[in-house]
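Enquirer: Sequence and computational prediction follow.
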Amino acid sequence: MEQHVTVRNLIKYAGHELQTDIAAGEAGLDREIKTAESNRPGLALCGYYEHFGFDRVQIFGHGEIGYLESLSATARFDVLNHLLSYHLPCIVVTSGLRPPGELIELANRNQIAVLTTDLASSTFTTRLLLFFEDEFGPSEYVHGNLVDVFGVGVLILGQSGIGKSECTLGLLQNGHRVIADDTVLLKRVSEHRVFGIRPRPFKHYIEVRGIGIIDVVALFGVTAVGDRKQVELVATLEPWNEQKTYNRTGVRDDEYIFHNEKLPHVLIPVRPGRNLSNLIEVAAMSFWGDKLGLDAAKEFDSALVEMVQDKNDEAVLDQWRHETLHREIVQPLDAKR
Amino acid sequence: MREKVVTVRNSLGLHLRTAGMFAQTSSRYVSNIYLQKGLMKVNAKSIMGIMMLAAGEGTELTITTDGTDEEEAINELTALIESGFHES
């Protein structure tokens, strides 16, 4: 999916973070930024235009402004005139420096926005690149539901009619939060995260076969809905397949890949009598446990290995049997009173 | 895989009733069927998905069918939209 980032959007959505003010060239605010990078035009100002990254956001820091100030007014005008004859997306003057008058004049004439910021060039560039990573990250609409289960964003996938909505309804009844039903906009953002966003600002509706369309907020309250959530776990519901071997131990190695980003993936076979929302809930809890370093399967396995290697296994087992049998029975608190 | 661009003809576009008709028709086929408006692509077997497109009269939609009955599916679905869902 193609992204459109204009200078106006940059100011609108990252202006606070980037602390930008508009100094000149307001007519250039709708210029599109097509390259997610920045450039220090020091070499170009000195006349070297080979490999000049004119399609990038141009950063004027102490170096550039200092050099320009060292020139005579006419030389400064000529140098900037050459630079601004390129189709630059915008110019940012950092470190609270004042853009020279010639820059303001030429930017207005050529309709190139000049922004100022109090941030140092390096800080500004870092934040700018993070914003670009969010904006230019690939995105895609997927058919599925996104639910916040115990704080874990679970993307529920599966073919039409498999029971995604029923599952979501069950999760809602258990107090979880639905982000999107049926269609989710996935977007890769900075720091290798994938966000799921509700595709349209409609109210939250869910369609359940046999019941029809329900209004989530009317039935479950405002705490039952959200607009976006980081996707941390993917659960695919699929018809039970006798030929297939399902995960029996919980050692997870399956992955759902979204534009090179690997997300843990569980396959949940659907069969009458399996409560899907409970299964999803446990999958989310288990995922959370993994994050905290609790891995039931691994722990059980290492205990077993230890026992297998124990030469005194019979003696230990014998002691366990006796101890357990003769242990004083602990009464529930109420019974003791 | 088959793909076709169609234009919505009926005045209310893909609202509840027409989206329902479309989803029900799609669901009769085993092929995977998608409906796309601009950048938004949804599963055409889902009423909610289709309604998310908010496709009004004159909107261009791309129908994609993929599977053993893709040919019949795309023909019937195209006809459904082009007939204006038998609405005025």
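Expert: Here it is on my side, so go on. Numbering: from 1, shown residues only, chains lettered A, B, ... in the order given.
Enquirer: From the rest of the structure, what touches stretch A:100-114?
Expert: Stretch A:100-114 has contacts (C-beta atoms under 8 Å, 6 or more residues apart in numbering or on different chains) with A:7, A:22-29, A:31, A:60, A:65, A:68-69, A:73, A:76-77, A:80-81, A:84-85, A:88, A:90-93, A:99. C-betas here are computed from N, CA, C, even on glycine.
Enquirer: Contacts for the helix or strand hosting A:Ser286, please.
Expert: Using DSSP states H and E, A:Ser286 maps to helix A:276-291. Applying C-beta under 8 Å, 6+ apart, the external contacts of helix A:276-291 come out as A:147, A:149-152, A:154, A:156, A:163, A:166-171, A:173-174, A:176, A:232-233, A:235, A:237, A:250, A:252, A:264, A:266, A:268, A:270, A:295-296.
Enquirer: Restricted to strands, list those residues.
Expert: In strands, judged by DSSP state E, the following of those are found: A:Val147, A:Val149, A:Val152, A:Val154, A:Ile156, A:Leu233, A:Ala235, A:Leu237, A:Pro264, A:Val266, A:Ile268, A:Val270.
Enquirer: Who's the closest spatial neighbour of the third one, skipping the chain neighbours?
Expert: The reference is to A:Val152. Excluding its sequence neighbours, the residue lying closest to A:Val152 (C-beta to C-beta, 6 or more residues apart in numbering or on different chains) is A:Ala284, at 4.3 Å.
Enquirer: what's the helix or strand for A:Val178?
Expert: Here A:Val178 is assigned to strand A:177-180, by DSSP H and E.
Enquirer: That strand - contacts with which helices or strands?
Expert: strand A:139-149, helix A:164-173, strand A:193-197 (3 or more C-beta pairs under 8 Å, 6 or more residues apart in numbering or on different chains; DSSP states H and E).
Enquirer: Give me the buried stretch members for the second one, please.
Expert: In this case it means helix A:164-173. A:Lys164, A:Ser165, A:Glu166, A:Cys167, A:Thr168, A:Leu169, A:Gly170, A:Leu171, A:Leu172 (16 or more other C-beta atoms under 10 Å in any protein chain shown).
Enquirer: From the contacts of stretch A:100-114, which land in strands?
Expert: Mapping the contacts of stretch A:100-114 onto strands (DSSP E) picks out A:Ile22, A:Ala23, A:Ala24, A:Phe60, A:Cys90, A:Ile91, A:Val92, A:Val93.
Enquirer: Which members of the residues you listed are the farthest-apart pair?
Expert: Greatest spatial distance among the ones in strands among the contacts of stretch A:100-114 (C-beta to C-beta): A:Ile22 and A:Phe60, at 14.8 Å.
Enquirer: of those two, who's got more company?
Expert: A:Phe60 (26 against 17; other C-beta atoms under 10 Å in any protein chain shown).
Enquirer: show me where chain B has strands.
Expert: For chain B, the strands defined by DSSP E cover B:2-7, B:32-37, B:40-43, B:60-66.
Enquirer: Any regions of chain A where pLDDT drops low?
Expert: By pLDDT under 70, the weakly predicted segments of chain A are A:1-3, A:247-253, A:329-337.
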